[in-house]
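[1] Got a sequence here, can you build the structure:
(2 chains)
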Number of protein chains: 2
Amino acid sequence: MDAWPELDRYMHQLADLGRMSALLSWDQQVLMPRKGAEGRARAVATLRVIRHRQLTDPRLGELLDQAREADLDVPRAAMVRVLAHDRDRAVKLPDDLVRRLALAGSRGQAVWEVARRDRDWEMFRPCLEEMVALKREQADLLGHDGEPYDALMDAYEPGMRTARVEPLFASLADELQTLLGAIADAGPPRRPLFGGAAFPDALQWDFTMRLLRDIGFDLDAGRQDLSAHPFTTTIALHDIRLTTRMDPDDPFSAISSTMHEAGHGLYDQGFDPEYEDTPIAEAPSLGLHESQSRLWENLVGRSLPFWEHYTPVMREMFGEAMGDASAEDVYREVNRVQPSLIRVESDEVTYNLHILIRFELELALLRGELEAADLAGEWDAAYDRRLGVRPPHAGVGVLQDVHWSTGSFGYFPTYTLGNLYSAILWERIASDLPDIDRGLRRAEFGPLLDWLRTHIHRPGHIQEGDDLIHEVTGSRLQHGPFMRYLWGKFGPLYGIEAPA
Amino acid sequence: MDAWPELDRYMHQLADLGRMSALLSWDQQVLMPRKGAEGRARAVATLRVIRHRQLTDPRLGELLDQAREADLDVPRAAMVRVLAHDRDRAVKLPDDLVRRLALAGSRGQAVWEVARRDRDWEMFRPCLEEMVALKREQADLLGHDGEPYDALMDAYEPGMRTARVEPLFASLADELQTLLGAIADAGPPRRPLFGGAAFPDALQWDFTMRLLRDIGFDLDAGRQDLSAHPFTTTIALHDIRLTTRMDPDDPFSAISSTMHEAGHGLYDQGFDPEYEDTPIAEAPSLGLHESQSRLWENLVGRSLPFWEHYTPVMREMFGEAMGDASAEDVYREVNRVQPSLIRVESDEVTYNLHILIRFELELALLRGELEAADLAGEWDAAYDRRLGVRPPHAGVGVLQDVHWSTGSFGYFPTYTLGNLYSAILWERIASDLPDIDRGLRRAEFGPLLDWLRTHIHRPGHIQEGDDLIHEVTGSRLQHGPFMRYLWGKFGPLYGIEAPA
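    Coordinates of the predicted model:
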């Protein structure tokens, strides 16, 4: 195809614009001084509109049409598929809506930060109402078969539909409730292992940096910083930024944050450098991305072999604060199941119930079955119903997550999809690498990372997520492996057995 | 003018693009992981080209033509003047050269960092040769009256010409050599006050943060970080970033860096908010900008009244390390004159000789009188001739400054212009605020900052720098006030007298 170099330039330019967006957003969350918010909101909006104009440029449409008729190799065909998908969505939206969405998102986030701190739902409510109206407008312009939520979820999980997610999540929720009930019946909640011991921030930081080096995150091509809400941003293939946070009473908060974000970071450091700055140097979906973060956080970082190695390391670093905790003690601690208010601190059993609550609420908002103004009350009722807990204030209730403030509706399901994918992958990994536990016990993560690099990271978005998982594991999206994993772990931990 | 709103949108968009450039560059110097350099270079180049296309958009030309014929108020007329000046320069350059300059600048800077660390002139030489060729190409396209340097200097100091700077700097150099000779004749060089005392980084940091608060830098609309080479970046009117650096043996390095950068930062926090995101919310020139940094660094931060306040503060913070140093001792220490190799660490007497060396060398490069390949040798010869010192290696010689690696030719003179402007301003300030010394002695910086806000900061680029200085002080660019200031300070310090 003669015009490939021209198409390639478009791709690279779009990648550069994406990089700028990423840095603006990273800095906004990590460093930006308080009064910089409004100026930043305008800069972000301008950049989004510039990117939108590039993407909707008629010349790019011509080039993509030519490319679709050309005889391309597999990677190039994939680049065209992914870029065309982005463009097809973009051309349906006017510049003005792109700008309004960007401004509402930045401003909404700034208001949310204060509202959350002040536990003030009423302060945030008008932002949410505006945002829901904008998202419904966006969904209708993007087009859908009567389910506006699909049009939004498609941005994060291409091709995924509510009609598939809804029954899947419902079955999952039923089985989780069964497991949770069995755990509750097994005895009173366990108490935290380290009540009142002090784990200095500086040592926690050193420990997380050691973990990053151990598992293979390249610190010359990335960095770790602190932020109130841990996240990962990809500025470029060789510039991947993680954040973590410290709780002086509980070192496992920083450890699990770092392991989680490093899972994202390892993915983004692992794309094939030949595809750098093309549309396939990215995960096929956020669900796939989350499969990597949850795999490192949970299947590795909450496993007994992992703690057989790191418990003595922690004892050496933290000294007395660790008491005489054994690896088994720590393993039980990091797998303590307890219905709670906060998603990001929840255990593996209840986590997906937190997601289900959000999914049902945002689905109702998009369907027009729930008014944004009524969200806070419905949130509390859902927590009561699903988890038996009730938020004492909005700061630990409806205001706990940033997503809705920035307009990320349709994003939450990807967390649960990631959990399901991670368990599907882990069954395959355990079969391909029978010595995996012995390796983890020695902090030898190389074989695992190599496996992920080969099968998941390097291919990037060369095919859609569910197809990639199918090719690699023979299995498609389902909750069976995840429930097997949970029973396999929590059965012995709580002395309970899966229903036949 | 009916089309003003459209013109206004162009201005705001250009401001947003400038903001992104600023953040990309700040992050590159403060945080970016090593391997991110190449991706960042491409992103910066793409952004520069986007900005260049906006600026050269024919529609903007039409709007500016209409505006020049309209009856505009003073601020709007100034916006049109400044934007038209930028655009007139931009239309002379093809996109491709803009891109090549940006890439060569980013890549040159990355090579320079390693070359400087490794003291390896030969590693950097090819970058410099390429850059000089690009800058000569740029200068010829921009157009000039036989002096290509003028076309480049105009980007930093609009309207300033080599024909004015060259004789001014020559007279200044003569008078500085006279002063320097008198100081040398007055006795052997003084020894540093604190040989071997330790000033912990954390305490130095606290001290510089206290200084920032004391002098009125708004830390909700800016921040301070660490970097190898202190600098200031304006991300937005309410997001001004300073950096400083620590030398554990010498607290005055951090103090003078912070005072210098805060001088820049106070300026950029002080523009009239009504002009935010317009072309006049900026300094008229880098010389004016530097007048503010040097004023706070030297005329305030190296004055006796300042140290009468801060010597006891330092004693309280640093304890024993301060020994029994009096305010007078510290004042003498921070004004120790000593010809040396490094510009940024040099005293007020020799500083402008460092600048003169760079100015003469880059002028010769642009005139084609000096080959880039010969620069290192000529550098050493010039230091020997002007300052009587010879760099033992390129790391403290020709490679010490970043400017040439990024293509900033024509920038160095603005440092000396800043020094001259700062002294002109200070004579006026001393006359308008006769109690200034008494205020400094109590760390009451409010009246000084108010004066600068009113006369220099708030007006921004509403008129050109030299005109603004003339309006405020009655004086135009000259070196008389600066030499009077130097003799007034160093005469008593060294027991010498100005020639009649």
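
[2] And the contacts of stretch A:429-441?
    The contact list for stretch A:429-441, computed with CB atoms under 8 Å, 6 or more residues apart in numbering or on different chains, reads A:300, A:303, A:305-306, A:308-309, A:445-448, A:451. Any C-beta I mention is one placed from the backbone N, CA and C, and that applies to glycine too.

[3] filter those by proximity to chain B?
    Here nothing survives when the contacts of stretch A:429-441 are matched to chain B using CB under 8 Å from any CB of the partner chain.

[4] how about the strands of chain A, start to end?
    A:222-226, A:232-236, A:239-244 (DSSP state E).

[5] For residue A:201, find the nearest of the ones you listed.
    strand A:222-226 (8.8 Å; CB to CB).

[6] For that closest one, list the C-alpha coordinates in PDB.
    Extracted as PDB, the C-alpha positions of strand A:222-226 are listed here (Å, rounded to 0.1, in the frame of the first residue of the first chain):
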ATOM      1  CA  GLY A 222       9.400   4.100  34.400                       C
ATOM      2  CA  ARG A 223       9.100   5.500  37.900                       C
ATOM      3  CA  GLN A 224       7.000   5.200  41.100                       C
ATOM      4  CA  ASP A 225       5.600   8.200  42.900                       C
ATOM      5  CA  LEU A 226       3.100   8.800  45.700                       C
END
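
[7] I'd guessed residue A:333 sits against residue A:197; true?
    No - counting by CB atoms under 8 Å, residue A:333 stays clear of residue A:197, with 11.9 Å between them.

[8] Flag every residue of chain A that's near chain B.
    A:12-13, A:16-17, A:19-20, A:23-24, A:27, A:31-36, A:38-40, A:42-43, A:45-47, A:50, A:218-223, A:235-239, A:276-277.

[9] Just the ones of those residues in helices?
    A:12-13, A:16-17, A:19-20, A:23-24, A:27, A:38-40, A:42-43, A:45-47, A:50 (DSSP state H).

[10] wouldn't residue A:448 be in contact with residue A:300 here?
    Yes - using CB under 8 Å, residue A:448 makes contact with residue A:300 at a distance of 7.3 Å.

[11] Domain-wise, how is chain A divided?
    A:4-144, A:163-494 (automatic domain parsing).

[12] Save those domains as CSV, and put in mean neighbour count too.
    What follows is these, written out as CSV (neighbours: other CB atoms under 10 Å in any protein chain shown):
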stretch, mean neighbour count
domain A:4-144, 18
domain A:163-494, 19
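
[13] Using JSON lines, lay out these together with mean pLDDT.
    Converted to JSON lines, the domains of chain A look like this (pLDDT from 0 to 100):
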{"stretch": "domain A:4-144", "mean pLDDT": "96"}
{"stretch": "domain A:163-494", "mean pLDDT": "96"}
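
[14] need those domains in JSON lines with distance to residue B:438, can you?
    What follows is those, written out as JSON lines (distance: least, CB to CB, whole Å):
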{"stretch": "domain A:4-144", "distance to residue B:438": "32"}
{"stretch": "domain A:163-494", "distance to residue B:438": "43"}
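
[15] Go ahead and confirm residue A:402 touches residue A:109.
    Yes - taking CB under 8 Å as the definition, residue A:402 is a contact partner of residue A:109 at 6.4 Å.

[16] From residue A:430, how far off is the closest residue to residue A:481 other than its chain neighbours?
    Distance criterion CB to CB, 6 or more residues apart in numbering or on different chains; nearest residue to residue A:481, sequence neighbours excluded, is residue A:423 at 4.1 Å. Distance, residue A:423 to residue A:430, using CB to CB, to the nearest Å: 11 Å.

[17] So which residue is smack in the middle of chain A?
    residue A:290 (4.5 Å; CA atoms, centre = their mean).

[18] List the contacts of it.
    A:414-415, A:417-419, A:421-422.

[19] shared neighbours of residue A:402 and residue A:109, anything?
    The contact lists of residue A:402 and residue A:109 share no entry, where a contact means CB under 8 Å, 6+ apart.

[20] thought residue A:250 was touching residue A:194?
    Yes - Residue A:250 lies in contact with residue A:194 (CB under 8 Å); the separation is 7.1 Å.

[21] Name all residues that make contact with the closest residue to residue A:309 other than its chain neighbours.
    Closest residue in space to residue A:309, ignoring its immediate chain neighbours: residue A:443 at 4.7 Å, by CB to CB, 6+ apart. By CB under 8 Å, 6+ apart, the residues touching residue A:443 are A:214, A:309-310.

[22] Residue A:156 and residue A:411 touch, don't they?
    Yes - in this structure, residue A:156 is within contact of residue A:411 by CB under 8 Å, at 5.2 Å.

[23] what residues are shared contacts of the two?
    residue A:286.

[24] Alpha carbons of stretch A:323-338, as PDB, please.
    What follows is stretch A:323-338 as a C-alpha-only set of coordinates in PDB (Å, rounded to 0.1, in the frame of the first residue of the first chain):
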ATOM      1  CA  GLY A 323       6.400  -9.400  65.800                       C
ATOM      2  CA  ASP A 324       6.800 -13.100  65.300                       C
ATOM      3  CA  ALA A 325       4.400 -13.300  62.300                       C
ATOM      4  CA  SER A 326       5.000 -16.400  60.100                       C
ATOM      5  CA  ALA A 327       4.500 -16.600  56.400                       C
ATOM      6  CA  GLU A 328       1.300 -18.400  57.100                       C
ATOM      7  CA  ASP A 329       0.200 -15.600  59.400                       C
ATOM      8  CA  VAL A 330       0.800 -13.000  56.800                       C
ATOM      9  CA  TYR A 331      -0.900 -15.100  54.100                       C
ATOM     10  CA  ARG A 332      -4.000 -15.300  56.300                       C
ATOM     11  CA  GLU A 333      -3.800 -11.600  57.000                       C
ATOM     12  CA  VAL A 334      -3.700 -10.500  53.300                       C
ATOM     13  CA  ASN A 335      -6.600 -12.900  52.600                       C
ATOM     14  CA  ARG A 336      -8.800 -11.800  55.500                       C
ATOM     15  CA  VAL A 337     -12.400 -11.700  54.100                       C
ATOM     16  CA  GLN A 338     -14.600  -9.000  55.500                       C
END
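
[25] Now the phi/psi pair for residue A:323, please.
    phi 50, psi -140 (degrees, to the nearest 10).

[26] Give me the distance between it and residue A:307.
    On the measure of CB to CB, residue A:323 and residue A:307 end up 15 Å apart.

[27] about what we covered before: can you tell me which of the contacts of residue A:443 are in helices?
    Filtering the contacts of residue A:443 for helices - DSSP H - leaves A:214, A:309-310.

[28] Since that was my last question, I'll sign off now.
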